[in-house]
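>>> Pasting the sequence and the predicted model now:
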2 protein chains.
Amino acid sequence: LPVGQEQLKEAMETAVGDVERALDLVLPRPVGPEAPLFEAMRYAALGGGKRLRPFLVIQCGRLFDVGSAPLHLVAAAIECVHVYSLVHDDLPAMDDDDMRRGRPTVHKQFDEATAILTGDALLTLAFQILARPDTHADPFVRCDLVGRLAVAAGARGMVGGQVLDLRAGTYEQTIEAITRLQRLKTGALFAFSCEAGGIMAKAGPKAMQALTGYAHDLGLAFQIADDLLDVEGDPERMGKAARKDEDAGKATFVELLGVDRARSQAQHLAAQAASHLDIFDDRADLLRAVAEFVVTRDH
Amino acid sequence: LPVGQEQLKEAMETAVGDVERALDLVLPRPVGPEAPLFEAMRYAALGGGKRLRPFLVIQCGRLFDVGSAPLHLVAAAIECVHVYSLVHDDLPAMDDDDMRRGRPTVHKQFDEATAILTGDALLTLAFQILARPDTHADPFVRCDLVGRLAVAAGARGMVGGQVLDLRAGTYEQTIEAITRLQRLKTGALFAFSCEAGGIMAKAGPKAMQALTGYAHDLGLAFQIADDLLDVEGDPERMGKAARKDEDAGKATFVELLGVDRARSQAQHLAAQAASHLDIFDDRADLLRAVAEFVVTRDH
């Protein structure tokens, strides 16, 4: 019997607990004159969320029997990068969002300077975690993780994607253009989340290709589903304002494809994502269930 | 004969050329739809400056015969971190500076969103550079460099120092408090700049202690000299507004000690910095000359 959404929900809740415990250990205690910074880092990083990237790190790592403690550290590092990107993207000079995960954004709860520095500190912390000897015994692997995270997060990855997003009004909004934007802005970190376990296990090229293919299709399905939620979602359940993209005049997959084609495209990509996992046994069942989850979730 | 300020000037100019060539190679070419980001990264990182930290990396590395190409890469990585900190510190929500190195700051030349993302991308690039195999053949050394840079730049280093600086009005401005601020905000990256060469050469504890001691005294001397320039300096030569700190109501070493005691304290620290280099031969003469330079410079 395939793993159902109930089992997935349970496994995702376990992962939330695991990564929050890891984050709690690596984040600085809020004492001393810099306490407001440390408090803001904790507010941002321990502020809920689905923790989808950490879940992917843990589940993909388990395909290769990578140990839990190292996977939780890598998951925490990736979540630090994800959270930093949310804190900076929410700033008034960027997307100017007041709410995130149902709570005031960091610059609303604290102030703009603290939000900028909180993001900076979380990004820096991610690399500190990956360089730690307890993340992996082999320093070649640790360097590989650092280098790949830097590429995924940097000017030719997530930061470049955010620039494309902010400049959406300056180039033609085609399916190709917004697919490229998604690959950079969210796809690169999604891919690294899935690949990290393979890197830690020194997996062969076939397994690595499977992880990369799964991540790419899953990431795009996730984005299209996000666009659908933006049009149809209940803002209270989502914890942030809906219809934000349309207001900003940005093209979305839904706008270019229409609701029906967007939904069928997301479902097609989710099925294709799962098909990349055919080379793995039933240990990949939770990852298959994730593919279904991202296109059926309501928040 | 000791190395004079003329020879130091020549050596520093050579280092400027070396690190700018290294930066030019690691920074993305300004083409494609993300070009405005890549242009802003180049504007910020190739925008002049004394390149004191890269000079320290190169000269300290030469004490141990570390090769030039790896030293230039590490110097470029540290300069990326220094430049990112300037770009973010200059933002309206932080120090709100319009001019830097005689040119408009990044958020003035481009816009605030681009300035935030430029800093993010430069910080990320620094770790990418350090993880590269051509930075050092031994991955243990590369991980050590990544981990130490992250500590020096992060919440318990440079970012923490910037928080203390912004919150100067909220705690008593004693010599101890502003010394601690300096250690975090500029001292930690200064120290890493001097230690990197020793790490790359796997230097023994005595040599490492000498580098750390030199860096700490030099960094503090540099900051006191900076405060003196802030009071007495010619804004045109400095390329930025003078008397900025006094306007912001922050205590400086000059305010707490007075001009005369601040100057003699800076000179004392510079001499003490040089004395840490006694265990090295005449290859440390340029580093001795730097100690003199930081307290006699006029910009």
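Ah, there it is.

>>> So the helix or strand where A:A22 lies, near chain B or not?
A:A22 belongs to helix A:5-26 when elements are defined using DSSP states H and E. No: against chain B, helix A:5-26 shows no contacts by C-beta under 8 Å from any C-beta of the partner chain, the least distance being 10.6 Å. For every residue, glycine as well, the C-beta is placed using N, CA and C.

>>> Now tell me what touches stretch A:101-112 from outside.
Contacts with stretch A:101-112, where a contact means C-beta atoms under 8 Å, 6 or more residues apart in numbering or on different chains, come from A:36, A:39-40, A:43-44, A:47-49, A:87, A:90-92, A:97-99, A:114-115, A:118, A:239-240, B:93.

>>> got a list of what the closest residue to A:R29 other than its chain neighbours touches?
Distances taken as C-beta to C-beta, 6 or more residues apart in numbering or on different chains place A:F38 nearest to A:R29, at 6.6 Å, with adjacent residues excluded. With contact set as C-beta under 8 Å, 6+ apart, A:F38 has these partners: A:L27, A:P28, A:R29, A:P30, A:V31, A:G32, B:A155.

>>> Just give me the least confident of the residues you listed.
For those, the model is least confident at A:G32; its pLDDT is 92.

>>> any chance of the contacts of A:F38 in CSV, with distance to B:F280 and secondary structure too?
Conversion of those to CSV gives the following (distance: C-beta to C-beta, whole Å; DSSP: H, G, I helix; E, B strand; the rest coil):
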residue, distance to B:F280, secondary structure
A:L27, 40, coil
A:P28, 36, coil
A:R29, 39, coil
A:P30, 42, coil
A:V31, 39, coil
A:G32, 36, coil
B:A155, 33, coil
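
>>> Closest to B:L257 out of those?
The shortest gap between B:L257 and any of the contacts of A:F38 belongs to A:G32, at 24.9 Å (C-beta to C-beta).

>>> count of residues packed around the closest one?
Counted with other C-beta atoms under 10 Å in any protein chain shown, the neighbours of A:G32 add up to 13.

>>> Next up, the contacts around it.
By C-beta under 8 Å, 6+ apart, A:G32 lies in contact with A:F38.

>>> hmm, back to that, need the buried ones from the contacts of stretch A:101-112 selected in PyMOL.
Buried members of the contacts of stretch A:101-112 can be picked out in PyMOL with the line below, counting by 16 or more other C-beta atoms under 10 Å in any protein chain shown:
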select buried, (chain A and resi 36+39+40+43+44+47+49+87+90+91+92+97+114+115+118+240) or (chain B and resi 93)
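
>>> Would you list the buried entries among the contacts of A:F38?
Judged by neighbour count, with 16+ other C-beta under 10 Å as the criterion, the buried members of the contacts of A:F38 are A:L27, A:P28, B:A155.

>>> Show the contacting residues for the last one.
Counting by C-beta under 8 Å, 6+ apart, B:A155 touches A:P28, A:E34, A:L37, A:F38, A:M41, A:A121, A:T124, A:L125.

>>> run the last query once more with 10 Å
Under the criterion of C-beta atoms under 10 Å, 6 or more residues apart in numbering or on different chains, the contact partners of B:A155 comprise A:27-28, A:34, A:37-38, A:40-41, A:117-118, A:120-122, A:124-125, A:128, B:163, B:184.

>>> Ok, the second one next?
Shown here is A:P28, whose contacts under the criterion C-beta under 10 Å, 6+ apart are A:34-35, A:37-39, A:41-42, A:121, A:125, B:154-156, B:160.

>>> Could you list which of those belong to helices?
Under the assignment DSSP state H, the contacts of A:P28 contribute A:A35, A:L37, A:F38, A:E39, A:M41, A:R42, A:A121, A:L125, B:G160 to helices.

>>> State the number of residues packed around A:I175.
The number of residues packed around A:I175, counting by other C-beta under 10 Å, is 12.

>>> how near is the residue lying closest to it once chain neighbours are set aside to chain B?
For A:I175, ignoring the flanking residues on the chain, the nearest one in space by C-beta to C-beta, 6+ apart is A:L256 at 5.6 Å. Distance of A:L256 to chain B, computed by C-beta to the nearest C-beta, to the nearest Å: 17 Å.

>>> And for A:D281, the neighbour number?
A:D281 is surrounded by 9 other residues when neighbours are defined as other C-beta under 10 Å.

>>> pLDDT wise, what is it at?
Looking at A:D281, the pLDDT reads 91.

>>> Any stretches of the stretch 151-299 of chain A with poor pLDDT?
A:234-249 (pLDDT under 70).

>>> Would you mind listing what in it touches chain B?
Contact residues, the stretch 151-299 of chain A versus chain B (C-beta under 10 Å from any C-beta of the partner chain): A:151-164, A:166-167, A:170-171, A:177, A:180-181, A:184.

>>> re earlier: return the members of the contacts of A:P28 classed as buried.
Using 16+ other C-beta under 10 Å as the burial test, the contacts of A:P28 include A:E34, A:L37, A:F38, A:E39, A:M41, A:R42, A:A121, A:L125, B:G154, B:A155, B:R156, B:G160 as buried.

>>> show me what contacts the nearest residue to the second one once chain neighbours are set aside?
Going back to what we said before, that points to A:L37. In this structure, A:L37 finds its nearest non-sequential neighbour in B:V163, 4.4 Å apart by C-beta to C-beta, 6+ apart. For B:V163, the contact set (C-beta under 10 Å, 6+ apart) comprises A:33-38, A:40, A:113-114, A:117-118, A:121, B:155, B:181, B:184-185.

>>> What about the contacts of stretch A:101-112, which are in helices?
Under the assignment DSSP H, those contribute A:P36, A:E39, A:A40, A:Y43, A:A44, A:V87, A:T114, A:A115, A:T118 to helices.

>>> And the pLDDT for the last one?
The reference is to A:T118. For A:T118, the model assigns a pLDDT of 98.

>>> go on, the first one?
At A:P36, the model reports a pLDDT of 97.

>>> I'd say it and A:P30 touch.
Yes: A contact is recorded between A:P36 and A:P30 when judged using C-beta atoms under 10 Å, the distance being 8.1 Å.

>>> picking that back up, out of the contacts of A:P28, the closest to B:T296 would be?
When these are compared for distance to B:T296 (C-beta to C-beta), B:G160 wins out at 30.4 Å.
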